[in-house]
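# Next come a sequence and a model predicted from it.
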Amino acid sequence: MIKNLSLLKPNRESLHVYVSLGAAFFILGIADVTFNIFEFFPIWISFFIPLVLCFYGLHLIRIEFSGIKILDILNKNINSNWFNAILSIFAIFLLIKSIPPILDWLFFDATFIGSKKEDCTGDGACWVFINVWFERLMYGLYPINEIWRINAAFIGLILIVGLAFFVSAKIKNYVLIFLIFVYPFIMISLISGGNFGLEWVETNAWGGLALTFIISIFALTFCFPVGLFLALGRRSSYPVIKYASIGFIEFWRGVPLITVLFMASVMFPMFLPEDTYMDKLVRVIIAITLFESAYMAEVVRGGLQALPRGQYDAGKSLGMGYWRMHLLIIMPQALKLVIPGIANTFLALVKDTPLILVVGLLELIGMIDMAKTNPKWLGFAAEGYVFAGFVFWIICYAMSRYSISLERKYKTDR
Amino acid sequence: MSTIIEMKEVNKWFGDFQVLKDINLDVQEKQKIVVCGPSGSGKSTLIRCINRLEEHQKGKIVVDGNELSEKTKDIEKIRAEVGMVFQQFNLFPHLSILDNCTLAPIWVKKTPKKQAEELAMKQLEQVQISDQALKFPGQLSGGQQQRAALARALCMEPKIMLFDEPTSALDPEMIKEVLDAMVNLAKGGMTMIVVTHEMGFAKEVADEVVFMDEGMIVERAKTKEFFANPKNERTKLFLSQIL
């Protein structure tokens, strides 16, 4: 048995010897990365020691068809040749080096309890900052006593959406119509107030995550139908409609959103007659809607072009006119095809909302900007942006999952 | 019997290429006509002109008393009376077979849903796929899909049925089931114009056969006459190749 033992060419006969030896080398290497065992060597040697140890360890356990299931899976996936072994080693080292400090900063060294900057004594994150500013981050400069109105508006929204999932198909249509055409206005009048004995809160005071949601919800609901019509318009056989649509789409796709927002808030009022007034938030929502609808139009057009001509022929031959054919046959199929693209556009829209910062509306990111420049709370930008990133990720991931479930639901081919 | 389709001096161009040259064709009610000819001879274009899926540029087409032209209002109404079956089936993949059949009756003819479903089931029964009614087109074989497409067209209760090479995209063993359904329909007294290469079907069902080549109607004759002694040289050549 010893005769067959070669230190460079592992073989199956002495499988257990090689595997134990390899594992030992590998573990020694990992231990060195973690605890710096070989520190006494000069830096240029000790730096490479774990690499060499792990590499040799992986080399020893690289035995094909060993019969040990875990070993085979390992070899196949992360240790199939020397190059993959090196990549695997680097990946593992990177994780070992990076994960503990991140966890330390996020949780173990972080301060959670307190009410002022001085409470944060640890080396980690100061979540007290988020804690203290939480209401501001969620509701902006909205009067504290009136916050229940925002809560009520969003809880109502969630309840109605929930309701739509549980009622029968027939009532569901009414619920959806109410949700799209009536509820947004109830929501707005509840939040802005000024009637029914509610105190008027001007839109400048709106902000935080609530504003992110308000802008996203309105822009999403409006940009979808506008985009559909633009997509159809671009394929129209009437030159006026066609070129108007092309011009509109190419204009909005060609300008940066930040310019559009700036125009909407600064330039646009100059062109209005003196006695007319349009709220800044409304202008911003319209600007974002038009901007995103151009993208939506192109996404939908992609779906329309993917449909075979036979579908149009079949619709026409059954006596359907343009609108019926598009409503019943073309659009359902085209939209189904471009669900990923629509989700993409919607995600981009939600993540574009922080740009309204440039016109002085402060949604989540804007509020964090404000909080981190507060003299009492200087120096907590990292906590703020990590928190914002986390919140946006939750929102966007939820939307992404929902789009995937829609794709599954409407999958009818096989 | 009265004339239900009348084509006079119909011409059509795709760009510079003339696909139809001075087509004259009239079809009587309940007549079954088979159109054959080499590929690229304009057969499909001819029948697609009858429900104006293609627009002709010169000449006159009258379908059931309505002339087809740019001025024709309610082209949808005429199309609703002219059913069509396509080479590629063209079922709506996002709807079940039953919904495929009831969609147009409900939305175009405003038939109540229940009535439309009854009619659809009857038509699906006729083509022997009523057990597939709740499946989606993607789950059916080609032959079943084509029969479903036939049922869908019949649900509009059309006066005329057009068939554009209905069996050309099918595997050989499925051709018969579709042809059988078409023979049944013919026996029921439907006015039919069928573009096909299935000469057996032509012999069994057709009253007259039209032979087209290079955009022209080369020969039109009673079915027996057409097969027994074709007059035109090109017809003879075509028949010798295909039979």
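Good, I have the coordinates.
# Every contact and neighbour count from this point should use C-alpha atoms.
Noted.
# Residue B:227: what's it in contact with?
Counting by Cα atoms under 8 Å, 6 or more residues apart in numbering or on different chains, residue B:227 touches residue B:239.
# what does the biggest helix by length in chain B rub up against?
In chain B, taking DSSP state H as the definition, the longest helix is helix B:172-187. For helix B:172-187, the surrounding residues in contact (Cα under 8 Å, 6+ apart) are B:32, B:126, B:127, B:142, B:143, B:146, B:147, B:166, B:167, B:192, B:201, B:205.
# quick one: which of the residues you listed is most hemmed in?
For the contacts of helix B:172-187, neighbours were counted using other Cα atoms under 10 Å in any protein chain shown, and residue B:146 has the most, 30 neighbours in all.
# Please identify the helix or strand for that residue.
helix B:142-154 (DSSP states H and E).
# Now the element after that helix, going C-ward?
Sequence-wise, the next helix or strand downstream of helix B:142-154 (DSSP H and E) is strand B:160-164.
# Report the two of the contacts of helix B:172-187 separated the most.
Using Cα to Cα, the pair of the contacts of helix B:172-187 lying farthest apart is B:32 and B:142, separated by 24.6 Å.
# what about residue 81, how many neighbours?
Picking chain A for this. By the criterion of other Cα under 10 Å, residue A:81 has 14 neighbours.
# Chain B is the one I meant
Residue B:81 has 22 neighbours, counted by other Cα under 10 Å.
# now swap in the one 3 residues further on and tell me
The burial count assigned to residue B:84 is 31, neighbours taken as other Cα under 10 Å.
# same question, residue A:245
Neighbour count for residue A:245, taken as other Cα under 10 Å: 22.
# and it, what element?
Here residue A:245, judged by DSSP H and E, is contained in helix A:239-254.
# Mind listing what's buried along that helix?
With burial defined by 16 or more other Cα atoms under 10 Å in any protein chain shown, the residues of helix A:239-254 counted as buried are A:241, A:242, A:245, A:246, A:248, A:249, A:252, A:253.
# what does stretch A:126-136 give?
Neighbour counts using 16+ other Cα under 10 Å place A:126, A:127, A:128, A:129, A:130, A:131, A:133, A:135, A:136 of stretch A:126-136 among the buried residues.
# Check stretch A:323-337 too.
Across stretch A:323-337, burial judged by 16+ other Cα under 10 Å covers A:324, A:325, A:326, A:328, A:329, A:330, A:331, A:333, A:334, A:335, A:336, A:337.
# Return the residues in contact with the fourth one.
By Cα under 8 Å, 6+ apart, no residues touch residue A:328.
# surely residue A:59 meets residue A:82?
Yes: here residue A:59 reaches residue A:82: they are 7.3 Å apart, a contact under Cα atoms under 8 Å.
# So which of those two has more stuff around it?
Neighbours per residue, other Cα under 10 Å: of residue A:59 and residue A:82, the larger number sits with residue A:59, 24 against 15.
# What spatial separation is found between that one and chain B?
Distance of residue A:59 to chain B, given as Cα to the nearest Cα, to the nearest Å: 50 Å.
# do the same with residue A:245
Applying Cα to the nearest Cα to residue A:245 and chain B gives a distance of 25 Å.
# coming back round to it: average pLDDT for the helix holding residue B:146?
Mean pLDDT, computed over helix B:142-154, is 95.
# What about the buried residues of stretch A:126-136, which are in strands?
In strands, judged by DSSP state E, none of those are found.
# And the helices in the stretch 301-414 of chain A, which stretches?
A:309-317, A:322-325, A:331-337, A:339-352, A:364-372, A:381-409 (DSSP state H, counting those that start in this stretch).
# my bad, the stretch 151-300 of chain A
A:169-177, A:183-192, A:208-234, A:239-254, A:257-262, A:268-271, A:280-306.
# Just put those helices in CSV and tack on mean pLDDT and distance to residue A:403.
Below are the helices of the stretch 151-300 of chain A laid out as CSV (pLDDT from 0 to 100; distance: least, Cα to Cα, whole Å):
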stretch, mean pLDDT, distance to residue A:403
helix A:169-177, 85, 18
helix A:183-192, 86, 22
helix A:208-234, 92, 14
helix A:239-254, 95, 24
helix A:257-262, 91, 25
helix A:268-271, 79, 36
helix A:280-306, 93, 15
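# Quick check: residues of chain B near chain A?
B:51, B:53, B:75-84, B:88, B:90-95, B:104, B:107-108, B:136-139, B:153, B:156 (Cα under 8 Å from any Cα of the partner chain).
# These in strands, which ones?
Short answer: those in strands (DSSP E) are B:82, B:83, B:84.
# neighbours around residue B:165, how many?
20.
# got the contact list for it?
Shown in contact with residue B:165 (Cα under 8 Å, 6+ apart): B:44, B:86, B:87, B:194, B:195, B:196, B:197.
# Can you name the two of these that sit furthest apart?
Among the contacts of residue B:165, B:86 and B:197 lie farthest apart (Cα to Cα), at 14.2 Å.
# ok, back up a step: just the contacts of helix B:172-187 now: which is nearest residue A:376?
The shortest approach to residue A:376 among those belongs to residue B:142, at 73.9 Å (Cα to Cα).
# pretty sure the closest one is in contact with residue B:170, am I right?
Yes: counting by Cα under 8 Å, residue B:142 touches residue B:170, with 6.0 Å between them.
# got any residues that touch both of the two?
In contact with both residue B:142 and residue B:170: no residue, using Cα under 8 Å, 6+ apart.
# Who are the contact partners of residue 218?
If you meant another chain, say so; for now it's chain A. Counted by Cα under 8 Å, 6+ apart, residue A:218 has contacts A:184, A:285.
# that's the wrong chain, I wanted chain B
The neighbourhood of residue B:218, defined by Cα under 8 Å, 6+ apart, consists of B:210, B:211, B:212, B:232, B:235.
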